[in-house]
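K.L.:
Quick one: sequence and predicted model below, then my questions.
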Amino acid sequence: MFASVKTAPLRPGLAAVSNSVSVFDGKYPGGGNVTAAVFHSGKEAFVFDSLLYPDDTHALLQEAKKSGLGVKGLINTHWHIDHTAGNQLFHDTQHIISHSLCGGLMRTEGKDDPEWAFGRLKLEEKDRIRSTYPNEAVGDGSTLQVGSREIEIIHAPGHTPDSIIGWEKEEGVLIAGDTVMELPFFGYGDSQALIESLKKIRSIAGARGKIVQGHGGVCAGERIVDDIRYLEEVRRRTAEYVGSGKSAEQASAGIKLEDCVTKARFALLSERFGSLLWCHPSNVERAFSELAEKKA
Ligand SMILES: [Zn+2]
């Protein structure tokens, strides 16, 4: 079953997923390589997510220009710094669009992140990240018109409360942000909400829909079934630790990633997406606090 999963390799430059969606992978390795998506029609384009590393965002905008595209605006799929740090390079576009919760979360939860990234990336002063907040909010079910095409925006909380995704129905491409990752991650979110959002994605995109992940390239809709299974397994195993009075540390040490995913997926994660492995213990800790709270 797992053999049928298709994951496109990470490629430099703008790579076409369909006639209206292309992807661009950031080079910065520490964050598991953010994938930005470009939704375009005719000469107009909207970018989904700005990248963490300024050079990557520059390169993305250059690539769009080379392809004859005029970037009209940006969508932030959620507030995390690796998806919003490049917002400042979109200042001359009219629109920086997000869910209504995004700007507030950037200002509160993410307030120290630009400084953290500046140090961690060893950026030059000219590349210092100046928080640039969304200036327009979209709700669940709104439609974004670009050239002669449209893409539906859907609220998909779980990875974060403000996560939104884009669904391009005509060619069956779903731009998922971090709601879909090589390893599902809810360390800052909510496991049950993520399960519900993934079920929604599975029913919208079907088995054959192409899903642009926030990190790691493009996968087929059928992979989502395994994502849901992983999350349910983490919750089930964590509930046993909570139920028997054990601690979060014991749960985090005892619940191994390899016991919650198939052998093939564990091998893929270890070989190609090692930088995402820390997400698993963080997921267990989050699930523990959710379930312990429920029990109390
Ligand atoms: Zn994220």
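P.N.:
Ah, there it is.
K.L.:
Only C-alpha atoms from now on, for both contacts and neighbour counts.
P.N.:
Noted.
K.L.:
Spatially nearest residue to T84, not counting backbone neighbours?
P.N.:
S50 (5.3 Å; Cα to Cα, 6 or more residues apart in numbering).
K.L.:
residues in contact with D92?
P.N.:
Counting by Cα atoms under 8 Å, 6 or more residues apart in numbering, D92 makes contact with nothing.
K.L.:
again with E136
P.N.:
H95, I96, I97, S98, S100.
K.L.:
Next, the residue nearest to the last one when sequence neighbours are not counted: phi, psi?
P.N.:
Nearest-residue entry for S100: A137, 4.9 Å, with adjacent residues in sequence omitted and distances by Cα to Cα, 6+ apart. Dihedral angles of A137 (phi, psi; degrees, to the nearest 10) stand at phi -110, psi 140.
K.L.:
Out of the contacts of E136, name the ones that lie in strands.
P.N.:
H95, I96, I97, S98 (DSSP state E).
K.L.:
Which helix or which strand is home to the nearest residue to E168 once chain neighbours are set aside?
P.N.:
Distance criterion Cα to Cα, 6+ apart; nearest residue to E168, sequence neighbours excluded, is I151 at 4.7 Å. Using DSSP states H and E, I151 sits in strand 149-155.
K.L.:
list the buried ones in the strand or helix carrying L144?
P.N.:
According to DSSP H and E, L144 maps onto strand 142-146. Under the neighbour-count criterion of 16 or more other Cα atoms under 10 Å, strand 142-146 has T143, Q145, V146 buried.
K.L.:
same thing with stretch 206-225?
P.N.:
Here stretch 206-225 shows 209-224 as buried, counting by 16+ other Cα under 10 Å.
K.L.:
count of residues packed around L61?
P.N.:
By other Cα atoms under 10 Å, the residues close to L61 number 20.
K.L.:
That one - that's part of a helix, no?
P.N.:
Yes: under DSSP: H, G, I helix; E, B strand; the rest coil, L61 sits within a helix.
K.L.:
ok, so what distance separates it from A45?
P.N.:
11 Å (Cα to Cα, to the nearest Å).
K.L.:
Quick check: neighbours shared by those two?
P.N.:
V71.
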